[in-house]
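Undergrad: I'll drop the sequence and a predicted model, then ask my questions.
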Amino acid sequence: MRRLAARLCFFALCAAACDSRACDAPPIGARTVSPLAQGMEPALAPPTALPPEPAAPPAAPRPRADASDVLVVTIDTARADHFGAYGSTTAHTPAFDALAAAGVRYERATTPTPLTGPAHTTLFTGRHPAVHGTEINSGPAPLLAGRERPTLLAQSFVAAGYRTAAFVASVILAPRVGLSAGFETYDAPTPAVREVAAQDRVEKALAWVDTAHDAPFFLWVHFMEPHAPHVAPPGSAADVEPYDAELTAADAALGALLAGLEARGRGRPLIVVVAGDHGEGLGDHVETEHGVFVYDDTLHVPLVLRASGRFDGGRVVATPVTLADLAPTLRALCGLPSIESDGVSLLALPAARDLFAQSLYPKVAFGWAPLFALQRGSFVYIDAPRPELYDLASDPRERRNVLAAQPTTARTLAAALSARRDELASGRLTGLQPAAHDVERAQLAALGYASATGSVPTVGPDPKVMIRDYEARRAAHRVDGLPPSVLPQQ
Ligand SMILES: [Zn+2]
């Protein structure tokens, strides 16, 4: 209760179609899917006097008889190196670790931005935040405002005859963020409740599964426990940090969910994806939570896939992957039509790739410079007023900025980052406003401002200069674990 009360105070203060085999099959069952459930606009009646000829109803899709159930679990604020499977010696995450031992664990999985709504939108669309437009949590969801909208995974699954449901734990993921399209059931806390416990999400998800016995399901369950404020659940070991105790609580819920599904004996294979949406700073680069920086502390997330015959055997993949890869992977795995994506299917992962990340939170919340990062091989270049270069091979905690010692590498990665930003900006879905930082950047470029590394400098105070004062003010405002009132949701 103490944790829930703290969270309530925190929020109160805080400002497709199916594959050909399936489509060719005769329809079964009486369940129909409304156009709205598929994310389409309802058609208006034609303004003619004569009624149209009655059209044959469209054939209801029928999944293959051996189609798998699909479970996606997202653990909010899950920092990879605090899971046992990622080498933590302090955390207790047996359910996740067991899943990793049976499936495939991605050693270098990252989020494209350390913010809840934008990261989940990338997971379910396969598009980068710079493309789908949900780049911060606050404000109207661009996903709902744009003339061109990406197809969400749930829309493709429901169109292919799957039952679909989502049980999310935070109001940050309420329908207004734009992720509910395609889900027949989308259960999110109301603004008055704000957040619900993982145990509640598991119970409701399993009760829903009991109603979905006629077809395979696509089920998303979201846990919020590790998000700030960090309050150890009752009964937690006294020598465990509150954040780790909250991870353990989320992991226990994951275990209960998997056990509940297994106990139901659905007679279908089960594909499981468990991912974090972003990590948590925990003070390692002064930032205590997430959203400002683009260091590994908040970008590196746990990721495991388990699918019999394709993702199994306890393999560990070292090639960098991103949350944007999950939508194309599930599409390929389940025979759904592939659509344009900024990620790749993990069934055909290239040996090497660049990964791009960003955070607009410092710009939007405080007027500081936005931050952008590009990882190539073991190097990470961070585009900031004072740029940074880290070699994760020798410095996995990103403590030593080697930009001065490696100017050629820095220039190469800066140019690649700039090109990637241009590429993503050009792919931005129509009907959306250009990102403010890209407008600013274009204006600077037109005036001839270009940094020595070839990129256009980002404008505003450097977040790493401002972060100490920011955290000091947060600490000063924090009463009984409450952060200041002016911060947008992270
Ligand atoms: Zn989050």
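TA: Sure thing, it's come through.
Undergrad: Show me the strands in the stretch 101-250 of the chain, by range?
TA: 104-106, 109-110, 163-167, 185-187, 217-223 (DSSP state E, counting those that start in this stretch).
Undergrad: how about those in TSV, adding mean pLDDT, mean neighbour count and distance to residue 255?
TA: For the C-beta atoms, the positions are set from N, CA and C on the backbone; glycine is no exception. Output for the strands of the stretch 101-250 of the chain, formatted as TSV (pLDDT from 0 to 100; neighbours: other C-beta atoms under 10 Å; distance: least, C-beta to C-beta, whole Å):
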stretch	mean pLDDT	mean neighbour count	distance to residue 255
strand 104-106	98	24	17
strand 109-110	98	27	21
strand 163-167	97	25	16
strand 185-187	98	18	21
strand 217-223	98	27	12
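Undergrad: Near the closest residue in space to residue 81 that isn't next to it in sequence, how many other residues are there?
TA: Distance criterion C-beta to C-beta, 6 or more residues apart in numbering; nearest residue to residue 81, sequence neighbours excluded, is residue 88 at 6.0 Å. Using other C-beta atoms under 10 Å, residue 88 is surrounded by 17 other residues.
Undergrad: can you tell me which residues contact residue 88?
TA: 81-82, 244 (C-beta atoms under 8 Å, 6 or more residues apart in numbering).
Undergrad: Now intersect the residues you listed with the helices, please.
TA: Assignment to helices by DSSP state H places the following of those there: residue 244.
Undergrad: Closest to the ion out of the contacts of residue 88?
TA: residue 82 (14.6 Å; C-beta to the ion).
Undergrad: how about the residue nearest to residue 81, secondary structure?
TA: coil (DSSP: H, G, I helix; E, B strand; the rest coil).
Undergrad: need the contact list for the residue in the stretch 51-200 of the chain that the ion sits nearest to.
TA: Nearest to the ion in the stretch 51-200 of the chain, going by C-beta to the ion, is residue 116, at a distance of 3.0 Å. By C-beta under 8 Å, 6+ apart, the contact set of residue 116 is 76, 137, 170, 172-173, 227, 277-278, 489-490.
Undergrad: where in the stretch 1-150 of the chain is pLDDT low?
TA: Residue ranges of the stretch 1-150 of the chain with pLDDT under 70: 1-60, 138-140, 146-147.
Undergrad: Residue numbers of it in contact with the ion?
TA: Residues of the stretch 1-150 of the chain lying near the ion by C-beta under 5 Å from the ion: 76, 116.
Undergrad: about what we covered before: export the strands of the stretch 101-250 of the chain as TSV, with columns for distance to residue 376.
TA: Formatted as TSV, the strands of the stretch 101-250 of the chain follow (distance: least, C-beta to C-beta, whole Å):
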stretch	distance to residue 376
strand 104-106	18
strand 109-110	13
strand 163-167	35
strand 185-187	38
strand 217-223	32
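Undergrad: In which helix or strand does residue 331 reside?
TA: Following DSSP states H and E, one finds residue 331 within helix 326-334.
Undergrad: isn't there a strand covering residue 374?
TA: Yes. The assignment for residue 374 by three-state DSSP puts it in a strand.
Undergrad: which non-adjacent residue is nearest it?
TA: Nearest non-adjacent residue to residue 374, counting by C-beta to C-beta, 6+ apart: residue 417, 3.9 Å away.
Undergrad: where does the one you found land in three-state SS?
TA: Once three-state DSSP is applied, residue 417 turns out helix.
Undergrad: Let's see the pLDDT reported for it.
TA: Predicted confidence (pLDDT) for residue 417: 95.
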